[in-house]
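Engineer: below is the sequence, then the predicted model.
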Amino acid sequence: MNACIRRGLVPLLAVAALGGAAPGVRAAVLADARIVIEVNDATGDAEVQLFVDARGWTRLEVVDPQGQHILDVTGGGGFGTGLTALSLEGAGSSFEEMPLDQLLYVFPEGRYRVEATGPDGRSQTVSAWLSHGIPSAPEIVAPGKGSVLSLSAPLVIEWSPDASPFPGTTATVAIAAYQVVVERVRPQPSQQFRVQLPAHSHEFTVPAQFLEGNADYRFEVVVVDQNGNRTIREGFFETGP
């Protein structure tokens, strides 16, 4: 596989995850494509992520709303075969390295054209809309920072919803969902679960069977906008005996 990324200002779309070859496929099938922005408020960074639902392609191109080619990926298994779905994301440039307004300038809001070409030379095209509407991070209400919690009571992760745009942005946002991710980081090996919740949610009770005593946990509350953009706020807690 060869990948040419023509967006020289940021280290974006640098990680690719490709499925295996699809034997006997001669025409590309391009079902859908999405492009979104993810902001991690805790670590102070942002990245643009591209997801393509396709199979049997040997070349994939992405063109931004201004007509610039920002991605060109070629590959194939030979004998008329092609590659399957593609997922690409940036390395997570910190706001010190690239302020959010500069990232939004480099990746303008609008319709991105995604074109997949099969081994037979025929192409299919879909479009993916990138919005600059980024939601503010939810404020974590509980558990508090550095909390050591007893397993004798239900463990509730609670947050204060915020439907305002992320600081430094002005585009209107509309919350579509929340995601909660809880990970046990000690003892090893780590364990993780995630759940998606409706937009009106503001708390989630962690299943008791997931928790154990004398352990360290990290959790994320992710707010997802209707355009797919999302913002992450994280927290930590410990459990006692």
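Structural biologist: That came through fine.

Engineer: point to the helix or strand of the chain where mean pLDDT is at its lowest.
Structural biologist: The helix or strand of the chain with the poorest confidence is strand 15-18; it has a mean of 40 (mean pLDDT, DSSP states H and E).

Engineer: any stretches of the chain with poor pLDDT?
Structural biologist: Within the chain, the segments meeting pLDDT under 70 span 1-26, 76-93.

Engineer: how is it carved up into domains?
Structural biologist: 2-130, 139-239 (automatic domain parsing).

Engineer: next one: phi and psi at Leu104?
Structural biologist: Here is the backbone geometry of Leu104 (degrees, to the nearest 10): phi -70, psi -30.

Engineer: who touches it in this structure?
Structural biologist: Taking Cβ atoms under 8 Å, 6 or more residues apart in numbering as the contact definition, Leu104 lies against His132, Thr169. For glycine as for every other residue, the C-beta is placed from the backbone atoms N, C-alpha and C.

Engineer: just the helices in this structure please.
Structural biologist: 100-106 (DSSP state H).

Engineer: could you single out the most deeply buried of the domains of the chain?
Structural biologist: domain 2-130 (a mean of 17; mean count of other Cβ atoms under 10 Å).

Engineer: hang on, isn't Ala46 packed against Pro99?
Structural biologist: No. If you go by Cβ atoms under 8 Å, Ala46 and Pro99 don't touch, sitting 9.4 Å apart.

Engineer: how near is the closest residue to Pro154 other than its chain neighbours to Arg218?
Structural biologist: Of all residues not flanking Pro154 in the chain, Thr205 sits nearest, at 5.2 Å (Cβ to Cβ, 6 or more residues apart in numbering). Thr205 is 18 Å from Arg218, where distance means Cβ to Cβ, to the nearest Å.

Engineer: ok, Arg186 next?
Structural biologist: Distance of Arg186 to Arg218, computed by Cβ to Cβ: 10 Å.

Engineer: what does His202 give?
Structural biologist: 20 Å.

Engineer: please apply the same query to Ala128.
Structural biologist: Ala128 is 31 Å from Arg218, where distance means Cβ to Cβ.

Engineer: just Lys145 next, same as before
Structural biologist: Separation of Lys145 from Arg218 (Cβ to Cβ): 12 Å.
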